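S.K.: just a sequence and a predicted model for now, questions to come.
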Amino acid sequence: TGTRARAKLWADRKIAFQHAPVFMGPKNALDSTGIMLASGDKAQFDRLSPFLEKMTGKLNYLGPAVDRAAAMKLMGNLFLVNMIVGLTDTLALAKAEGVPTDEVASLFEIFNPAAMIPGRLKVLQRGQFSDPSWELQMARKDTRLMMEEAARGKMDLIAIPAIAKVMDAWIEKGHAKDDWTVIATNAVSKS
């Protein structure tokens, strides 16, 4: 919303505006590495891209919608926040179970959840949850076990209790035997 307002403000003043959010930390900025996103007027982007390319490792044009790059940046950051919260909950459960963090790290050397993202995203986009690979009721049982074990070890989980409440709501709606990803229905429905 803010990006659209800024673009209109500068357009009304006849000043070129190119929103170009980045996925880069300070070292990336110093080294001109990382990822830069851009959207808006294509001719303007084409004029500016030689300058923008010098500032980043990878420049990505995302289309004519002036706010698309801002939206994608926000979604990327949302995913990063969720990832760190997921790791925090994982480490909290590990601590409650007496599993050292280096052993948790070894789990992710043999089990790479990131490799599942493209496939799981396709499943979500189809919005067909009646052929489960993991039933919602079974996933809910596991969240209960996670919370119980964390509590026994005097550790609090951040995300899992909230996810369990969402699962309970979908179970109450009659989706216990659907794939657990049915909880994404509202996010992927066409309406």
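M.R.: The structure has been received and is ready for your questions.
S.K.: which helix or strand contains the spatially most central residue of the chain?
M.R.: Geometric centre of the chain, nearest residue: residue 79, 2.1 Å, by CA atoms, centre = their mean. For residue 79, the host element (DSSP states H and E) is helix 68-97.
S.K.: the next helix or strand after that helix - contacts with which helices or strands?
M.R.: Using DSSP H and E, the next helix or strand after helix 68-97 towards the C-terminus is helix 101-110. If contacts are counted by 3 or more CB pairs under 8 Å, 6 or more residues apart in numbering; DSSP states H and E, helix 101-110 sits against helix 68-97. Yep, even glycine has a C-beta here, placed from its N, CA and C like the rest.
S.K.: for the helix it packs on, packing partners?
M.R.: helix 2-12, strand 22-23, strand 35-38, helix 101-110, helix 136-152.
S.K.: so it versus helix 136-152, what angle?
M.R.: 60 degrees (axes from the mean of the first three to the mean of the last three CA atoms, to 10 degrees).
S.K.: what is the mean pLDDT for helix 68-97?
M.R.: The pLDDT scores in helix 68-97 average 97.
S.K.: cool, stretch 105-116 as well?
M.R.: According to the model, stretch 105-116 has a mean pLDDT of 94.
S.K.: could you look over the helices and strands packed on helix 68-97 and pick the most buried one?
M.R.: Compared across the helices and strands packed on helix 68-97, strand 35-38 shows the largest average neighbour count, a mean of 21 (mean count of other CB atoms under 10 Å).
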